[in-house]
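Participant: Using only what follows, build the 3D model:
(one chain, ligands or ions: 1)
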Amino acid sequence: MARPDFDIVVIGGGAGGLVVAAGGAALGAKVALVEKHKMGGDCLWYGCVPSKTLIKSAHVAHAMRHADRWAIPPHAPSPDLAKVMERVAGVIRGIEPNDSPERFRSLGVDVNLGDGKFVAPDAFEVNGRRLTAKTFVIATGSRPAMLPIPGLAEAGALTNETLFDLREDVPHLIVIGSGPIGSEMAQAFRRLGSEVSVVDVAPRILPREDADMADVVYRRMLEEGVRYHFESSIAKVEGKRGDVRMTIKGKDGAERSIAATHVLVAAGRKANVENLGLDVAGVQLDKGRIVSDARLRTTNPRIYVVGDVAGGYQFTHLAEHHAGIVLRQAVFKLFWAKPSTVVPWCTYTDPELARVGPSEDEAKQQGIAHKVYRFAFDEIDRARAEGETEGFAKLVTDPSGRLIGAAIVGPHAGELIAEAVLAVTKGMKASDLSSAIHAYPTLASINRRAADQRQKEGLTPTSKAWIKRIFGLQGA
Ligand SMILES: Cc1cc2nc3c(=O)[nH]c(=O)nc-3n(C[C@H](O)[C@H](O)[C@H](O)COP(=O)(O)OP(=O)(O)OC[C@H]3O[C@@H](n4cnc5c(N)ncnc54)[C@H](O)[C@@H]3O)c2cc1C
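Facilitator: Sure, this is the predicted structure:
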């Protein structure tokens, strides 16, 4: 049999594909990469980077308006969305060279810009070039799911792929979807001066999170003036961008109309599996998802799948983690390597809501024996100093005190969850968090204080009486 041209061919140059390509080349593999659009993928162009950049500008505008909270004279800015979006574009431009074809070529990757497909179980064709390889990695990501609502497309509905191209004013934005992306963008646009209405068929925001935690974010959104229409389906959209009217139907069947200028669809994602020649490659699909095993191997053993297109959680850090797992198998032949099941995430609203492992509700629903320990930010000195006291942390342990999950809603929750991620990954106990010294005054001490609740729980009147007796103490 002829020797394949490459050790690894990667299809898709986003978060997952680029890590496979760069890592493979660094380890000495001969790697080709195929990208049909722009290297960097969703995260760089339409996802994490632009959204978090926009959120920062929105945060500054909000802080200026409410500066009196920190004893500074407040000022009501009138943000110019075009300028804010130029800043977003500038941040993307600054990062882009890291992901560029030139950089990857300099790393030794054979970069092919174009649209291709499998022409055999061991060959992918792009720009008329046939690439054969020992291992293929499908890393084609996902795209926004468009809803079949009459008039939605004609109204110039935005998605995350077009939102950051906006340069005009957005007086009133309707956001369809109150999940993480919808919530982040609803708050950002509200803070940047838009009226914002959110429509969702769900009964509340962030339905994946415990209701008491999502409620902290929801209350803040209401305070800031975001309007919600829950348990509402959309009957139709009329008009064009700049002047749109949406007819929604509530749970009671009553119809009402919302007049707005722009509509953003943030109602789920669809895996990019089309036109890849997957049938020719022997890669099976099930309900639009690529079938893969616990090792990320598709039904063609030489083809792996990583990132959003693999189904499951859709995060940049998970795509990168998948990439490492595939490299271990493709390069080092560690065929037992499997992705970690400990996957953290964060919704970057203000306050942030971050989680790892099962939530309290999930532990209950799944019948997992567990205990929950909480601690509120208003008892953390640093949170008081920062004037950011809303929210709390929840640790979920097994009955022996081993940490199985954690969730934090509050300031910088996305940073604070990292300690719990390590603890859950390494099977640590709440007592490990309690006994580790945390710098004072830090927000991170909320992790220790929540864990301390477990230690305090052991102090029953009986155990206290024994301690007093054994050690000859005189207190009450
Ligand atoms: C608004 C928004 C905000 C987000 N914020 C966060 C966040 O804060 N944190 C986080 O972790 N995640 C976030 N995400 C999710 C994150 O962007 C994705 O999980 C991540 O980009 C997935 O990486 P990937 O490699 O699977 O796909 P992508 O990074 O999307 O890369 C896929 C690549 O494949 C290419 N491609 C597609 N089809 C083909 C084909 N047929 N041939 C060749 N190439 C092809 C695409 O052009 C693209 O470059 C956000 C997503 C959105 C939409």
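Participant: residues near the residue of the stretch 151-300 of the chain found nearest the ligand, how many?
Facilitator: Closest to the ligand within the stretch 151-300 of the chain is N160: 3.9 Å, counting by CB to the nearest ligand atom. In short, each C-beta sits where N, CA and C put it, glycine included. Here the number of neighbours of N160 (other CB atoms under 10 Å) works out to 20.
Participant: what's near enough to touch it?
Facilitator: Counting by CB atoms under 8 Å, 6 or more residues apart in numbering, N160 makes contact with D42, Y46, G47, S51, P144, I181, A266.
Participant: Setting aside sequence-adjacent positions, which residue approaches Q455 most closely?
Facilitator: Once flanking residues are discounted, Q455 sits nearest to S434: 5.4 Å by CB to CB, 6 or more residues apart in numbering.
Participant: Test for you: state the pLDDT assigned to the one you found.
Facilitator: The score at S434 is 97. That number is its pLDDT.
Participant: could you list every residue that touches V216?
Facilitator: By CB under 8 Å, 6+ apart, V216 lies in contact with P351, L353, E390, G391, F392, V409, G410.
Participant: Isn't A413 up against D350?
Facilitator: No. Applying CB atoms under 8 Å as the test, A413 and D350 come out as separate, 10.1 Å apart.
Participant: burial of the residue of the chain found nearest the ligand, as a residue count?
Facilitator: In the chain, the residue that lies nearest the ligand is G14 (1.8 Å; CB to the nearest ligand atom). A total of 30 residues lie near G14 under the criterion other CB under 10 Å.
Participant: Can you report phi and psi for it?
Facilitator: phi -110, psi -160 (degrees, to the nearest 10).
Participant: try M246
Facilitator: Per-residue torsions, M246: phi -110, psi 130 (degrees, to the nearest 10).
Participant: does it have beta-bridge partners, and which?
Facilitator: Legend: beta-bridge partners of M246 under DSSP bridges are V237, I258.
Participant: and K270, what are its bridge partners?
Facilitator: What pairs with K270, by the bridge criterion (DSSP bridges), is R143.
Participant: Up against the ligand, what does the stretch 51-200 of the chain have?
Facilitator: Contact residues (CB under 6 Å from any ligand atom) of the stretch 51-200 of the chain with the ligand: S51, K52, D115, A139, T140, G141, N160, I181.
Participant: Which one (most neighbours) among those?
Facilitator: The most crowded member of those, judged by other CB under 10 Å, is A139 (33 neighbours).
Participant: surely it meets G14?
Facilitator: Yes. With contact defined as CB under 8 Å, A139 and G14 form a contacting pair (6.3 Å).
Participant: shared neighbours, these two?
Facilitator: With CB under 8 Å, 6+ apart, A139 and G14 have common neighbours G307, A319.
Participant: which regions of this protein lie under the pLDDT threshold?
Facilitator: In the predicted model of the chain, residues 1 satisfy pLDDT under 70.
Participant: In a strand, T140, correct?
Facilitator: No. T140 is assigned coil when assessed by DSSP: H, G, I helix; E, B strand; the rest coil, not a strand.
Participant: Do I have it right that it meets N272?
Facilitator: Yes. In this structure, T140 is within contact of N272 by CB under 8 Å, at 4.0 Å.
Participant: quick one, what contacts the closest residue to R297 other than its chain neighbours?
Facilitator: Nearest residue to R297, sequence neighbours excluded (CB to CB, 6+ apart): Y304, at 5.7 Å. Y304 sits next to T135, F136, V137, I138, S292, R295, L296, R297, T298, V326, Q329, A330 when contact means CB under 8 Å, 6+ apart.
Participant: same thing but 7 Å
Facilitator: By CB atoms under 7 Å, 6 or more residues apart in numbering, the contact list for Y304 reads T135, V137, L296, R297, T298, V326.
Participant: From G312, how far out is it?
Facilitator: Here the criterion is CB to CB, to the nearest Å. By it, Y304 lies 14 Å from G312.
Participant: roughly how far apart are D286 and T299?
Facilitator: Distance from D286 to T299, by CB to CB: 10 Å.
Participant: same question but for H59, I mixed them up
Facilitator: With distances taken as CB to CB, H59 is found 46 Å from T299.
Participant: Contacts for stretch 424-438 next, please.
Facilitator: So stretch 424-438 is contacted by 340, 342, 356-357, 373, 395, 397, 401-406, 423, 444-445, 447-448, 451-452, 454-455 (CB under 7 Å, 6+ apart).
Participant: Settle it for me: which of A413 and D350 has more neighbours?
Facilitator: Higher neighbour count among A413 and D350: A413, with 25 against 21, using other CB under 10 Å.
Participant: Let's verify A465: helix, strand, or coil?
Facilitator: helix.
Participant: Over to P73. Which of the three states is it?
Facilitator: With three-state DSSP as the criterion, P73 reads coil.
Participant: From L131, how far out is the residue nearest to the spatial centre of the chain?
Facilitator: In the chain, the centroid-proximal residue (CA atoms, centre = their mean) is F315; its distance is 4.8 Å. Using CB to CB, F315 is found at 29 Å from L131.
Participant: Backbone dihedrals for A123, please?
Facilitator: Main-chain torsions, A123, degrees, to the nearest 10: phi -150, psi 140.
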